[in-house]
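In: build me a model from this:
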Amino acid sequence: MHLHDITRLVDNTLDAAFAVDVSGLIVAWNGEAEALFGVSAAEALEQPCGPIIQGTDESGRVCSEDCTVRQAAQKRKPLRNFDLQVQTAHGRQWCNISVLIAEDAGSRSSYMVHIVRPSEMQKRLEALMRDFVVAGTDLPPEQASALLGSTRAAARAADLTQRETQILGLLARGTTTAGIANVLHISRTTVSNHIQHILRKLDAHSRLEAIRRAEHAGLIKQS
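Out: Model (predicted):
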C-alpha cells in the first residue's frame, strides 16, 4: 500500500484512526481522531504519536520510541487488539486499540494504522469487580486485577525468547541475578544481558515494571 492508500483507509474509517510510519511520526489522522483527542490533523501530522496519545496501561507508560507496536512492525508481526489509557479531549480515557501493519508497496518500510475505540465503561466495571473481590477475599489488589482484568495488553506481542520468559518468571518469584545464574548455570553477565533485552522488548524501565506488564499480558503467571 502506498501512503495515499493509507490516508484513504484512515479517512474512510468510522472510528478514530491514525497511521504512523516506522519512525513513529503520524502520517494520517482522520476527523474522528480529531474529535476524540482534541487535536487537529494539521497539529498531529508529522509529529511523534507518543506525546499526543500519551498511552499508559496498568503498569505505566506504553507510548515511547521503542513501543511494542513499532517492534512488531519492524518484524512484520501481527498484533492483537489491546487496551490503552490515552489523553483525549475530555481527559484520560480507556480505549481499545487495533493495529494494522501495512507494508509500503514502493519500499521495505511499514505503516501502522491504529483504530481507536473507547472502552471506558468496561474498564470501570473491571475496577468495580476488582474492589468487590478484594473486599470479600484475602487477595491483594494486584492479584485481583490480574484475575479479573482484560489481558488485552500491548506487551502480549513482545517477542520474548524461551530463555527470556524463563528468566522473567524467575524474576517474578524474587530471584536475584546471582540466583538466576546459579539456577540456569550461566554467568551473571549473561543474565544481565537477557534482562536488558526483556526490558527493551516490554518497553519497561525497571524489573518490577517488566514483571507487572508481563503478568497483565499473560506472558507469565501471577506470582
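In: tell me which stretches of this structure form strands.
Out: 16-21, 26-29, 56-57, 60-61, 82-88, 91-103, 110-118 (DSSP state E).
In: the first one packs against which elements?
Out: The criterion is 3 or more Cβ pairs under 8 Å, 6 or more residues apart in numbering; DSSP states H and E, and the helices and strands that strand 16-21 contacts are helix 3-11, strand 26-29, helix 31-37, strand 110-118. (Each C-beta comes from the backbone N, C-alpha and C, glycine too.)
In: residue 87: which of those is closest?
Out: helix 31-37 (7.1 Å; Cβ to Cβ).
In: show me what the closest one is packed against.
Out: Identification of packing neighbours for helix 31-37 by 3+ Cβ pairs under 8 Å, 6+ apart yields strand 16-21, helix 41-44, strand 82-88, strand 110-118.
In: of those, which is nearest residue 62?
Out: Distances from residue 62 to each of these were compared by Cβ to Cβ, and the smallest falls on strand 82-88, at 6.0 Å.
In: return the alpha-carbon coordinates of that closest one using CSV.
Out: Presented in CSV, the C-alpha positions along strand 82-88 are these (Å, rounded to 0.1, in the frame of the first residue of the first chain):
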residue,chain,number,x,y,z
PHE,A,82,-5.1,-4.1,23.3
ASP,A,83,-6.3,-1.7,25.9
LEU,A,84,-4.7,1.7,26.5
GLN,A,85,-5.5,4.7,28.5
VAL,A,86,-5.0,7.8,26.3
GLN,A,87,-5.2,11.5,26.6
THR,A,88,-8.5,12.6,25.0
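In: for it, which positions count as buried?
Out: Within strand 82-88, the residues scored as buried using 16 or more other Cβ atoms under 10 Å are 82, 83, 84, 85, 86, 87, 88.
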